[in-house]
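# got a predicted structure here, sequence first:
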Amino acid sequence: MTNLLRQYRQLFLAYVYEFFREPEVMLWTLLFPIAISWILGIAFSGERSQLVNVAWIQQQATTGSFVQKSFSVQSGHTLIKDSNNVSSSIILGSKSEGVIRYRFIPATPKTADVMMKKGEAILIVNDYPDSANFLFDPGNAAAHGAYLQISAALAGKPVQGVSVTKLDVKGLRYIDFFVPGLLAMGIMSSCMWGICFGMIERRSKKLLRRMVATPMKKSAFLASIVTARVILSIFESAVLYLFAWLYFGMQITGSIPALFLTIFAGNLCFAGIAIVLSSRTAKSEVGNGLINMVTLPMSICSGVFFSYHSFPDWIIPIIKAMPLTTLADSVRCIFLEGAGFMDVAPAIALLTGIGVITFSLGVKIFKWY
Amino acid sequence: MIKNTVLEIRQVKKYFKDVKAVDGITINAVEGEFIALLGPNGAGKTTLLEMIEGIQYPDEGEILINGLGWKKHEKELRAILGISLQENHFIDRLTVREVTELFGSFYTLPIGRIDEVLDLVALTEKQGALTKNLSGGQKQRLALGIALLNNPKIILLDEPTTGLDPAARRNIWEILEKLKKDQGITMILTTHYMEEAEYLCERIIILDKGTILAEGSVHELLQQFDLSEKIVFVSDKTVTREMVPDNGLHALTQNENTYTLRIEDISSYLPSFLAAMKEYNIQYSSLECRKMTLDDLFLSLTGRSLND
């Protein structure tokens, strides 16, 4: 037993030293998630003063403009010429609902078409003396919203009995949604790349072969890699959280022990998958492909960057069955919804189960030579 | 004194898809013996060595180390073998000492063994260096040190000096010689450098295409194949056997305008040879006299050079 522990200790230390002695690895695994959360957190926060471009085709400019006329009569606002003396703008909305500046850019049917294709405008207004006709893609939510707001302003009738309250409490911002997802994705990448690549490199350099030509216990070897990776990954998660807490004031509303267990189970799960992926090949290109095959679909679908509820209904059960979704949802639940251990217990059991099964499978088919 | 047999290889075969890598090889090694497996690339040296190391298994035949086979006694055998593979990469970002300690942890070693080994392979001063910064010779010495950690009874070295400069090669040889003298270790090494085989090993086994072509000491091999010394020269005139002296001549061979004389003894033959050339008025160039080497032996056995 002491023998096993001694081997484990040395193998574990070797793995940890290796990690901390590579500045580039440190940079990518620690700073990259912070940078991306910072950029996205900034991009999706702050005052919603947006600009929407409208291609404005004045069909009979000399006779009159329905748009100009209706705005001044109905909303009391007028289209004001911009400093460029070409386009005109109107500002709609309020502080609580967000302020949007609509910029009407004079166009011909032909130039309007080009503007739409280039994404310079999201909707076209055909402006006649007594009416207006809107052209936009109904599947484009922003264009649809712009149409509703502009047409309501043109009609000038505020809807009775409806009011708007601005929502910006902590926990409901984009960054609150994003950081738990990023944390989960960090665990996945850290396990996949960390374990797979290390293993494939050791195999291709014949180091595995050299190691098993000693009385080394294979269990000590595998356990050391998995535990070292889990600890490093928890460290990475902690660094990311620390940043999100200090910079965005993010708080964990649920149980911290439950969060810890969830992260631990997530690590086990992805470590197990990583062992399977790295169990046979000695080529890093193959490893690369295998890792991408597993991680790419999950990174896109599992609700890390955006909610997966906008996917078609039939695919949602599949997405929910993915380990990254399970992990991201559970971490998010603990962060934002105050979940306790019992709420995430099924997820912990599932992740641990996947980890144990894949790990045992990986060890079975593992190629040492 | 009868020495114990420590290694028995009996009719071992290992076939891959389309290659007979090892095709019925039998070797016995006694305690303290240094054996070289000499042969060109693809001769089956590494496959044979890896079967002795228990990394590959023979399709047929048996390998016994100290009377024990790999199937039932893997644990015991791992503990008494020292191995250095052909490619020796250790973990790049670990120091020499850390790598040695890592491998040391796989054995039960007495206190101070790490220092002893680092000293033996002359890496004490380099113990704090990362392994990726070591020179080729230092890497090989580290590999050798790791192979020696457990005080092995038998060491198996796969091309321990390939790619090293002469000085670095000499360093490794000195370490191995010291081991032989001080510890009575048994060693099997593969090499395609015949001078390495000649210098280090009392027994040389020449392999080609998975079989043993010849074996014995350098002296025995050269005697056995009647290949003592030779004279090589180039001439535009035709030289026949009648023109050259007969005292101690084994053979005269011609390859275009290059002639090779295989003779018993250069010192007694050369004067009469030069006199005969003068007599027949034969102009020659690039005259070279030398002792036969294992490379010549290999060439004469297979028609190919060892370094091909």
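Noted; the coordinates are in hand.
# burial measure for the residue nearest to residue B:211 when sequence neighbours are not counted, as a count.
What sits nearest to residue B:211 in space, not counting adjacent residues and going by CB to CB, 6 or more residues apart in numbering or on different chains, is residue B:23, at 5.2 Å. Placement of C-beta: from N, CA and C, glycine included. Residues within reach of residue B:23, counting by other CB atoms under 10 Å in any protein chain shown, total 18.
# note down every partner strand of the helix or strand where residue B:23 lies and its orientation.
Residue B:23 belongs to strand B:20-30 when assigned by DSSP states H and E. Using DSSP bridges, the strands paired with strand B:20-30 are strand B:5-15 (antiparallel).
# report the rounded mean pLDDT for the partner strand.
For strand B:5-15, mean pLDDT is 92.
# count the neighbours of residue 294 for me.
Unless you meant another one, I'm taking chain A. Look at residue A:294: counted by other CB under 10 Å, it has 21 neighbours.
# that's the wrong chain, I meant chain B
Counted with other CB under 10 Å, residues neighbouring residue B:294 total 22.
# and the residue nearest to residue B:211, how far from residue B:89?
Between residue B:23 and residue B:89 the computed distance is 31 Å (CB to CB, to the nearest Å).
# helix or strand next in line after the strand holding residue B:23, which one?
Past strand B:20-30, the next helix or strand by DSSP H and E is strand B:34-38.
# next, count neighbours for the residue in the stretch 251-369 of chain A that chain B sits nearest to.
With CB to the nearest CB, the shortest gap between the stretch 251-369 of chain A and chain B falls at residue A:369, namely 5.8 Å. As a burial measure, residue A:369 scores 12 neighbours (other CB under 10 Å).
# nearest residue to it other than its sequence neighbours?
Spatially, and ignoring its direct neighbours in sequence, residue A:369 is nearest to residue A:209 (5.1 Å; CB to CB, 6+ apart).
# cool, residue A:226 as well?
Among residues not flanking residue A:226 along the chain, residue A:271 sits closest, at 4.6 Å (CB to CB, 6+ apart).
# what do you get for residue B:54?
Residue B:54 sits nearest to residue B:70 (CB to CB, 6+ apart), 4.4 Å away.
# count of neighbours near that neighbour?
So residue B:70, with other CB under 10 Å, has 20 neighbours.
# contacts only, for the residue nearest to residue A:226.
A:191, A:195, A:226, A:229-230, A:355, A:359 (CB atoms under 8 Å, 6 or more residues apart in numbering or on different chains).
# tell me the residues of chain A that contact chain B?
Proximity of chain A to chain B (CB under 8 Å from any CB of the partner chain) is limited to residues A:3, A:6-7, A:9-11, A:13-14, A:17-18, A:21-22, A:205-207, A:209-216, A:369.
# which residues touch the residue of the stretch 201-308 of chain B found nearest chain A?
Nearest residue of the stretch 201-308 of chain B to chain A, counting by CB to the nearest CB: residue B:210, 19.8 Å away. By CB under 8 Å, 6+ apart, the contact set of residue B:210 is B:14, B:19-25, B:43-44, B:47.
# per-domain residue ranges of chain A.
According to automatic domain parsing, chain A comprises the domains A:2-43+A:173-365, A:50-155.
# check those for me and report the most buried one.
Comparing these by mean neighbour count (mean count of other CB atoms under 10 Å in any protein chain shown), domain A:2-43+A:173-365 ranks first with a mean of 18.
# between the two ends of it, how far is it?
End-to-end distance of domain A:2-43+A:173-365 (CA to CA, to the nearest Å): 28 Å.
# any idea of the mean pLDDT in that domain?
Mean pLDDT, taken over the full extent of domain A:2-43+A:173-365, equals 89.
# so what's the gap between it and the chain middle?
Relative to its chain's centre, domain A:2-43+A:173-365 lies at 16 Å (CA atoms, centre = their mean, to the nearest Å).
# any chance of the domains of chain A in a markdown table, plus distance to residue B:288?
Formatted as a markdown table, those follow (distance: least, CB to CB, whole Å):
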| stretch | distance to residue B:288 |
| --- | --- |
| domain A:2-43+A:173-365 | 41 |
| domain A:50-155 | 81 |
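# about what we covered before: need phi/psi at the residue of the stretch 201-308 of chain B closest to chain A.
phi 80, psi 0 (degrees, to the nearest 10).
# separation between it and residue A:284?
Distance from residue B:210 to residue A:284, by CB to CB: 32 Å.
# returning to that earlier point: the residue nearest to residue A:369 reaches residue B:55, doesn't it?
Yes: between residue A:209 and residue B:55 there is a contact at 6.2 Å, judged by CB atoms under 8 Å.
# now do the shared contacts for these two.
residue A:369.
# can you give me the pLDDT of the residue of the stretch 201-308 of chain B closest to chain A?
Per-residue pLDDT puts residue B:210 at 90.
# helices along the stretch 151-300 of chain A, start to end?
Using DSSP state H, counting those that start in this stretch, the helices of the stretch 151-300 of chain A run over residues A:174-191, A:198-204, A:207-212, A:218-248, A:256-277, A:284-301.
# again with chain B
For chain B, the helices defined by DSSP state H occupy B:45-52, B:70-80, B:96-104, B:113-120, B:136-148, B:166-183, B:194-200, B:218-224, B:266-279, B:294-302.
# dump the C-alpha coordinates for the third one into CSV.
Right, the one you point to is helix B:96-104. The C-alpha coordinates for helix B:96-104 follow below in CSV (Å, rounded to 0.1, in the frame of the first residue of the first chain):
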residue,chain,number,x,y,z
VAL,B,96,16.8,14.9,-14.3
ARG,B,97,16.4,14.2,-10.6
GLU,B,98,12.6,14.3,-10.7
VAL,B,99,12.5,11.8,-13.6
THR,B,100,14.9,9.6,-11.7
GLU,B,101,12.9,9.9,-8.6
LEU,B,102,9.7,9.2,-10.5
PHE,B,103,11.0,6.0,-11.9
GLY,B,104,12.7,5.2,-8.6
